[in-house]
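**Student:** Sharing a sequence plus its predicted fold:
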Amino acid sequence: MTITVGPRSRIAGTGAYVPERVMTNAALEALVDTSDEWIRERTGIRERRVAAEGEAASDMAVQAARRALEAAGLSPSDLDMIIVGTISADMPLPACAAFVQQKLGCPGIPAFDVAAACAGFVYAMSIGDQFIRSGAHRNVLVIGVELLSRVLNWKDRATCVLFGDGAGAAVLTPAGDDGRGVLSTRLYTDATLAESLCIPAGGSKEPLTAAGIEEARDKVHMVGGDIFKVAVRNLTSASREALEVAGLEPKAVDWVVPHQANMRIITQVAQRLDIPLDRFVLNIERYGNTSSASIPIALDEGVRDGRIQPGNTVLMCALGAGISWASALCRM
Ligand code: ACO
């Protein structure tokens, strides 16, 4: 068999979708013992979006995907592969990506999910990039989507104030010889803290029971402090490695599009990388932590409002449950 090695991939188009319903910190004060002040000071979040009743993760993903395809000048029939980063798929089986394919109407191409939590989009992008570099595929749709409002315990103030719903997408196509494209991606997992952020029941280890539902074991459990410390350290080192592999210094970065989990984490990463915060694309204030969707939503915002220009060097970094984390460096 002859393996044709293709060029690296580039981001040919981006798209995003957030549900219409806004849930403010004030609305959360009515649900749990919290305050707008605590949430803003500890996280930077003012409000988040919540999906409508009947709206599925794949519905949000498809909205983002259609916008990304339009921006890339492609149609669903041009796609060779769909990869969805999510931990809140429509159903445990089959993959969210299968429903995305069904709704886009492009049968026959591989469509699968990547469960790397908040790092899901960068993982999916890295996988898509490898398929294009190998020459196996040309047009890969990469999506990060989360409908976390349905897997949150709305009585747990330590988690329910943090997350939001949304979707973001990017279409990867083979890069030309103009220096644009995905310059490097780095993927990591260290499961030492795997239980610090999990949904304990509803999988094969602990099938769902009435008692489990009563104890909210089918909802997100998190020891936030454990994750905070490793997040700052690992996001910084992963960003440095993505730069090193590409032979670039932090000062070469035009924009950082970080995972939006906590403004304090982002601020500390910015300090350690010595990249000013005004070169970070931020939207945590409006959307909270949308897990795998946060990077592609912010990327799309930066592209559409003109901050991110063709030729700009963009650094992405994310960390979440697993603990899995990842970074990517792209010339747009
Ligand atoms: N409102 C008011 N008080 C609260 C709330 C709330 N919503 N939540 C917790 N508190 C209280 C705690 O009970 C505690 O009270 P105590 O001192 O009386 O015990 C106090 O506030 C401080 O709690 P901490 O957990 O120490 O607060 P911290 O400053 O660590 O902030 C947070 C918590 C925001 C969760 C932070 O730890 C964090 O952002 N962690 C990282 C989260 C993350 O990145 N997750 C990974 C991505 S998610 C994914 O992969 C799906």
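**Tutor:** Now that the structure is in, tell me what you want to look at. Predicted, not measured: the structure shown is a model, and the values here were computed from it.

**Student:** Quick one: residues contacting residue 257.
**Tutor:** Taking C-beta atoms under 8 Å, 6 or more residues apart in numbering, we find residue 257 in contact with 280, 281, 295, 298, 299, 302, 314, 315, 316. The way it works is simple: take the backbone N, C-alpha and C, and place the C-beta from them, glycine included.

**Student:** Could you measure from the nearest residue to residue 92 once chain neighbours are set aside over to the ligand?
**Tutor:** What sits nearest to residue 92 in space, not counting adjacent residues and going by C-beta to C-beta, 6 or more residues apart in numbering, is residue 202, at 7.3 Å. Per C-beta to the nearest ligand atom, to the nearest Å, residue 202 is found 15 Å from the ligand.

**Student:** same deal with residue 7?
**Tutor:** When residue 7 is compared with the ligand (using C-beta to the nearest ligand atom), they lie 32 Å apart.

**Student:** Also residue 242?
**Tutor:** For residue 242, the distance to the ligand - C-beta to the nearest ligand atom - is 19 Å.

**Student:** May I ask you to confirm that residue 262 is in contact with residue 43?
**Tutor:** Yes: with contact defined as C-beta atoms under 8 Å, residue 262 reaches residue 43; the gap is 5.1 Å.

**Student:** shared neighbours of these two, which are they?
**Tutor:** The contact lists of residue 262 and residue 43 share 162, 284, where a contact means C-beta under 8 Å, 6+ apart.

**Student:** what does the model give residue 5 for pLDDT?
**Tutor:** pLDDT for residue 5: 57.

**Student:** burial of residue 245, as a residue count?
**Tutor:** 14 (other C-beta atoms under 10 Å).

**Student:** quick one, helices of this structure?
**Tutor:** Ranges of helices in the chain, per DSSP state H, are 25-29, 36-43, 57-72, 96-104, 120-133, 157-160, 210-214, 224-245, 263-273, 284-287, 294-304.

**Student:** In a markdown table, list those helices along with mean pLDDT.
**Tutor:** Shown next, in a markdown table, are those (pLDDT from 0 to 100):
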| stretch | mean pLDDT |
| --- | --- |
| helix 25-29 | 98 |
| helix 36-43 | 98 |
| helix 57-72 | 98 |
| helix 96-104 | 98 |
| helix 120-133 | 98 |
| helix 157-160 | 97 |
| helix 210-214 | 97 |
| helix 224-245 | 95 |
| helix 263-273 | 98 |
| helix 284-287 | 98 |
| helix 294-304 | 98 |
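
**Student:** can you tell which of those helices is closest to residue 140?
**Tutor:** Nearest of the helices of the chain to residue 140, taken as C-beta to C-beta: helix 120-133 at 3.7 Å.

**Student:** confidence score at the residue positioned nearest the centre of the chain?
**Tutor:** In the chain, the centroid-proximal residue (C-alpha atoms, centre = their mean) is residue 292; its distance is 2.3 Å. Looking at residue 292, its pLDDT stands at 98.
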